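Asker: next comes the sequence, and after it the predicted model I'd like to discuss.
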Amino acid sequence: MKASVTEAFETMLANWQLMSRSDMDSAGDDADRFQDSFYQFIEEVKEWLEGLADKPRDLGAALAMPEIDAFVEQLPAPLYLNFETELELILEGITRTEDARYD
């Protein structure tokens, strides 16, 4: 796995933690920072998956990959469904437009 995927994941987790401790003054900025880092992580996962010689055929196969499973194990529960949805879209070759992302 590319180091950039792991780095993006760690940044996203750090931003999630920061956002969860935000006060009213910084909540909006922290939420934006988290959202940006989540989608950066998703882009890194997409690039990594697209570069594999033996790509997973479906969501179940992707989730069974040790590299993906390691992320899922560390992923905060509220983020799992979003991650799963984005992973499925990657596997189906669907790219979200900026305004179609979660808000």
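Answerer: Happy to help now that I have it. None of the values given here were measured: they were computed from a predicted structure. Numbering: from 1, shown residues only.
Asker: so, low pLDDT: which residues of the protein?
Answerer: Regions of the chain meeting the criterion pLDDT under 70 cover residues 97-103.
Asker: mind telling me which residue is nearest the centre of it?
Answerer: Nearest to the mean C-alpha position of the chain, by Cα atoms, centre = their mean, lies Ile42 at 4.0 Å.
Asker: other SSEs contacting the host helix or strand of that residue?
Answerer: Using DSSP states H and E, Ile42 maps to helix 27-50. In terms of contacts (3 or more Cβ pairs under 8 Å, 6 or more residues apart in numbering; DSSP states H and E), helix 27-50 is packed against helix 3-20, helix 77-92. From N, CA and C alone the C-beta is placed, and that goes for glycine too.
Asker: the first one: how far from the chain's middle?
Answerer: Relative to its parent chain, helix 3-20 has a centroid offset of 9 Å by Cα atoms, centre = their mean, to the nearest Å.
Asker: mind checking how far the residue of the chain most remote from its centre is from Ser4?
Answerer: Largest separation from the mean C-alpha position in the chain: Asp25, at 26.0 Å (Cα atoms, centre = their mean). If you measure Asp25 against Ser4 using Cβ to Cβ, to the nearest Å, the figure is 32 Å.
Asker: for Leu63, same thing?
Answerer: Applying Cβ to Cβ to Leu63 and Ser4 gives a distance of 21 Å.
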